[in-house]
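>>> Model the structure of this input:
(chains A and B)
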Amino acid sequence: EAGVTQSPTHLIKTRGQQATLRCSPISGHTSVYWYQQALGLGLQFLLWYDEGEERNRGNFPPRFSGRQFPNYSSELNVNALELEDSALYLCASSAPSGRQDTQYFGPGTRLTVL
Amino acid sequence: AQSVTQPDIHITVSEGASLELRCNYSYGATPYLFWYVQSPGQGLQLLLKYFSGDTLVQGIKGFEAEFKRSQSSFNLRKPSVHWSDAAEYFCAVGERNYGQNFVFGPGTRLSVLP
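Okay, the predicted model is just below:
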């Protein structure tokens, strides 16, 4: 069974540009989570999507947004990129609510903002 | 809101020595508890989890963890460390109610001496 996949592996942008990161969950999983892992700041929760709806978001500005598609894959968009957005962005998925809540992580997308 | 502390930022052990990584949490009820491992530049891999039942949980790669309610702890142990165990280890707390908010600890970096 395939795990969580993310693309691209690396992404280089300049300040002010927009970045789009993609995530495909494990088959059968309906929830997708996004985390930011910046150097020295640990794992920070960004967004949670379940059944196509945004269920929760962390303490990030509105220029961080995303969506979940009918096939449960997800996209994270970061607008007006700033230097401090450089980080590893991790996506995780979990099974439908009511079952085990374990989150399974993808390999991440390394975003570098120049 | 739940919180997680990992008191040790960095631990160094010799190969073959035993290991214990500490995790303390703050949560109003019995939480879901997880340990993940992250190799450099990689995503997070689930080592083990505790939902209920036996408080001593076995995981992959020879790791185990013990849930101690009285101490609000969920420490990770391994009897004999291998050089390949060098990585970053994260403890996480999840809510039992729908919401599935995960809070991660800051991580403990493990170095292994030959």
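
>>> which stretches of chain B have low pLDDT?
Where chain B drops to pLDDT under 70, the residues are B:96-100.

>>> quick one: B:Phe90 from A:Leu114, how far?
B:Phe90 is 29 Å from A:Leu114, where distance means C-beta to C-beta, to the nearest Å. Using the backbone N, CA and C atoms, a C-beta is placed for each residue, glycine as well.

>>> who has more neighbours, the two?
B:Phe90 (25 against 10; other C-beta atoms under 10 Å in any protein chain shown).

>>> Quick check: the more buried one touching B:Gly105?
Yes: using C-beta atoms under 8 Å, B:Phe90 is in contact with B:Gly105, at 5.9 Å.

>>> where do the contact lists of the two overlap?
B:Gln6 (C-beta atoms under 8 Å, 6 or more residues apart in numbering or on different chains).

>>> On the three-state scheme, B:Asp8 is what?
Recorded secondary structure, B:Asp8: coil (DSSP: H, G, I helix; E, B strand; the rest coil).

>>> Neighbours of the residue lying closest to it once chain neighbours are set aside, how many?
Residue nearest to B:Asp8 in three dimensions, not counting chain neighbours: B:Thr108, with 4.9 Å by C-beta to C-beta, 6 or more residues apart in numbering or on different chains. The local packing of B:Thr108 (other C-beta under 10 Å) involves 20 other residues.

>>> Quick test: name the residue nearest the centre of the chain.
Defaulting to chain A. Among the residues of chain A, the one closest to the centroid is A:Trp34, at 3.1 Å (C-alpha atoms, centre = their mean).

>>> could you do chain B instead?
B:Trp35 (3.4 Å).

>>> quick one: it from chain A, how far?
Applying C-beta to the nearest C-beta, to the nearest Å, the value for B:Trp35 to chain A is 12 Å.

>>> which residues of chain A score low on pLDDT?
For chain A, applying pLDDT under 70 flags the ranges A:1, A:97-100.

>>> Now do the strands in it.
A:5-7, A:10-13, A:19-24, A:31-38, A:42-50, A:53-57, A:64-68, A:74-78, A:87-94, A:104-105, A:109-113 (DSSP state E).

>>> what packs against the longest one?
Using 3 or more C-beta pairs under 8 Å, 6 or more residues apart in numbering or on different chains; DSSP states H and E as the contact definition, the elements that strand A:42-50 packs against are strand A:31-38, strand A:53-57, strand A:64-68, strand A:74-78, strand B:102-104.
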